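1. Predicted coordinates and the sequence they were generated for:
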Amino acid sequence: MNLRSASSCLGALCVLCALCGNAFGQNYDKRWLSGIFYGEGANFGDFNKDGKLDVVSGPYIYDGPEFTVKHEFMPREPSDPLHYSKNFFAYTSDFNKDGLTDILIIGFPGQETFWYENPGAKKDAAQGGWKQHLVLKVTDNESPVLINVVGDDAPELVCMSGGYIGYATPESSDPNQPWKFIPISPKGDYQRFTHGLGVGDINGDGKLDMIVPSAVGVAVLLNTAP
Ligand SMILES: [Ca+2]
Ligand SMILES: [Ca+2]
Ligand SMILES: [Ca+2]
Ligand SMILES: [Ca+2]
């Protein structure tokens, strides 16, 4: 999730918690997470396995449901709120299937994507902290998506890289290894700041398709996998 694109919210890192069960949720309790701009990326996950969703925003995890206690899981690097950060998107999943939700951070477009391994009870940095694993050296496009598009139930990183549209998929035998990028298009002029990339079942056949920019507008890539 990218806060800047999701809400056009420039540096305002906040979370809105619905307080009532009304169908339209008229009442919200606003909880400030930080007055410092660390990144556009934010997401949710139960990182401490207490049954309550926590928030990841910038280099911190904020424990739900109060979000007043925070834990640093990656190096802090405040950013200029008038410019972009190196923390563009945050996604969550259990990448090494150890039962603990991990975090994937997509940096500045065209740069590396890493996932951070949830150490569980061993949160002290001196004990290793959240270990960083390389996903992909070059993640292009300004709307990369972590979603399960092929194979088993592990998600892929749908993005562009090296001029191709495609997805990066983890090595099932060793989730700590860099992911393999699978191109699904001819080489084009796709680059780090290319806009537009969406994933969804456009034709209703149960397989996820893509919508992408093309030289003359927009194109749909229908998933024809058996
Ligand atoms: Ca939790
Ligand atoms: Ca895990
Ligand atoms: Ca998959
Ligand atoms: Ca489809």
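-> Nice, thanks for sending it over. Numbers count the residues shown, from 1 in each chain. Ligands and ions are numbered 1, 2, ... in the order given.
2. Now do Val150 against ligand 3, distance only.
-> 5 Å (CB to the ion, to the nearest Å). All C-beta atoms are positioned from the backbone trio N, CA, C, and that covers glycine.
3. I'd say that residue and Tyr167 touch.
-> Yes. Between Val150 and Tyr167 a contact is recorded at 7.2 Å, counting by CB atoms under 8 Å.
4. Give the intersection of the neighbour lists for these two.
-> Shared contacts of Val150 and Tyr167 (CB atoms under 8 Å, 6 or more residues apart in numbering): Glu156.
5. The two: which has the busier surroundings?
-> Using other CB atoms under 10 Å as the criterion, Val150 and Tyr167 rank with Tyr167 on top: 26 against 15.
6. Now do the contacts for the more buried one.
-> 149-150, 156-159, 181-182, 184.
7. of these, buried ones?
-> 149, 156-159, 181 (16 or more other CB atoms under 10 Å).
8. quick one: which of those residues is nearest to ligand 4?
-> Val149 (10.2 Å; CB to the ion).
9. Setting aside sequence neighbours, what's the nearest residue to the closest one?
-> Leaving out its chain neighbours, the residue that sits closest to Val149 by CB to CB, 6 or more residues apart in numbering is Leu208, at 4.7 Å.
10. For the chain, which residues are neighbours of ligand 1?
-> 46, 48, 50, 52, 54 (CB under 5 Å from the ion).
11. where does the protein have low pLDDT?
-> 4-25, 122-128 (pLDDT under 70).
12. does Asp80 sit in a helix, a strand or a coil?
-> On the three-state scheme (DSSP: H, G, I helix; E, B strand; the rest coil), Asp80 is labelled coil.
13. can you offset everything so residue one is 557?
-> Taking 557 as the first residue, the last one we looked at is Asp636.
14. can you tell me which residues contact it?
-> Phe593.
15. follow-up on the earlier one: most neighbours among the residues of the chain next to ligand 1, which one?
-> Asp610 (24 neighbours).
16. OK, contacts around the closest residue in space to Lys626 that isn't next to it in sequence?
-> Excluding its sequence neighbours, the residue lying closest to Lys626 (CB to CB, 6+ apart) is Tyr616, at 4.4 Å. Going by CB under 8 Å, 6+ apart, Tyr616 touches 589-590, 594, 626-629.
17. Write down the beta-bridge partners of Tyr616, one by one.
-> Beta-bridge pairing for Tyr616 (DSSP bridges): Ser613, Glu628.
18. How about Val755?
-> Met766.
19. for Gly707, helix, strand, or coil?
-> coil.
20. Tell me what the residue nearest to it when sequence neighbours are not counted is bridged to.
-> Of all residues not flanking Gly707 in the chain, Thr725 sits nearest, at 6.9 Å (CB to CB, 6+ apart). Residues in a beta bridge with Thr725, per DSSP bridges, are Lys736.
21. Surely Thr725 is in contact with Asp708?
-> No. Using CB under 8 Å, Thr725 is not in contact with Asp708; the gap is 9.6 Å.
22. hang on, the earlier thing: and the residues of the chain next to ligand 1, which of them are in strands?
-> Among these, DSSP state E puts Asp610 in strands.
23. export the residues of the chain next to ligand 1 to JSON lines and tack on distance to Lys653?
-> JSON lines is the format used below for the residues of the chain next to ligand 1 (distance: CB to CB, whole Å):
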{"residue": "Asp602", "distance to Lys653": "16"}
{"residue": "Asn604", "distance to Lys653": "18"}
{"residue": "Asp606", "distance to Lys653": "20"}
{"residue": "Lys608", "distance to Lys653": "22"}
{"residue": "Asp610", "distance to Lys653": "20"}
